[in-house]
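Enquirer: structure, please.
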Amino acid sequence: MKGMTFTEARDIAEGQIVYDDIEIIRGAWQFLIDRGHIRHMDEWFQKTAAELIELKICWPAPERRGPRDKRKNDFKNRPR
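Expert: Numbers count the residues shown, from 1 in each chain. Okay, the predicted model is just below:
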């Protein structure tokens, strides 16, 4: 969800901020999943996120390319 912060997403997912719109709640969970916050959160969040993914309510986080995966022009290995 555009413009959402970690704190807002966590509070919505936990039910501390109440919304009737299921898309906002799903968006909060997807935000936490996509940005990798879930793995650093309590077991309840981790299990709930896994269940939401299993039920296809949310999607797995996109694969991220770390700094080691970024390939720069490597002229040493370039065919001649």
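Enquirer: what separates the most centrally placed residue in the chain from E43, distance-wise?
Expert: Central residue of the chain (CA atoms, centre = their mean): D34, 1.6 Å from the mean position. As for D34, its distance to E43 is 20 Å (criterion: CB to CB, to the nearest Å). All C-beta atoms are positioned from the backbone trio N, CA, C, and that covers glycine.
Enquirer: likewise for I53?
Expert: Applying CB to CB to I53 and E43 gives a distance of 16 Å.
Enquirer: what's the answer for R64, then?
Expert: According to CB to CB, R64 and E43 sit 23 Å apart.
Enquirer: now L55
Expert: Going from L55 to E43 by CB to CB gives 18 Å.
Enquirer: before we move on, what about I17?
Expert: Going from I17 to E43 by CB to CB gives 21 Å.
Enquirer: and the closest residue to Q46 other than its chain neighbours, what does it touch?
Expert: Nearest non-adjacent residue to Q46, counting by CB to CB, 6 or more residues apart in numbering: I38, 5.8 Å away. Residues in contact with I38 (CB atoms under 8 Å, 6 or more residues apart in numbering) are 32, 45-46, 49.
Enquirer: so which of those residues wins on neighbours?
Expert: With neighbours taken as other CB atoms under 10 Å, the top of the contacts of I38 is L32, carrying 25 neighbours.
Enquirer: what's the spacing between the residue nearest to Q46 and A61?
Expert: According to CB to CB, I38 and A61 sit 8 Å apart.
Enquirer: ok, E51 next?
Expert: In terms of CB to CB, E51 sits 15 Å off from A61.
Enquirer: where does this structure have low pLDDT?
Expert: Residue ranges of the chain with pLDDT under 70: 1-2, 66-80.
Enquirer: that one: strands as residue ranges?
Expert: For the chain, no strands are identified by DSSP state E.
Enquirer: comparing I17 and E43, which shows the higher neighbour count?
Expert: Taking other CB under 10 Å, I17 and E43 do not tie; I17 has more neighbours (15 against 7).
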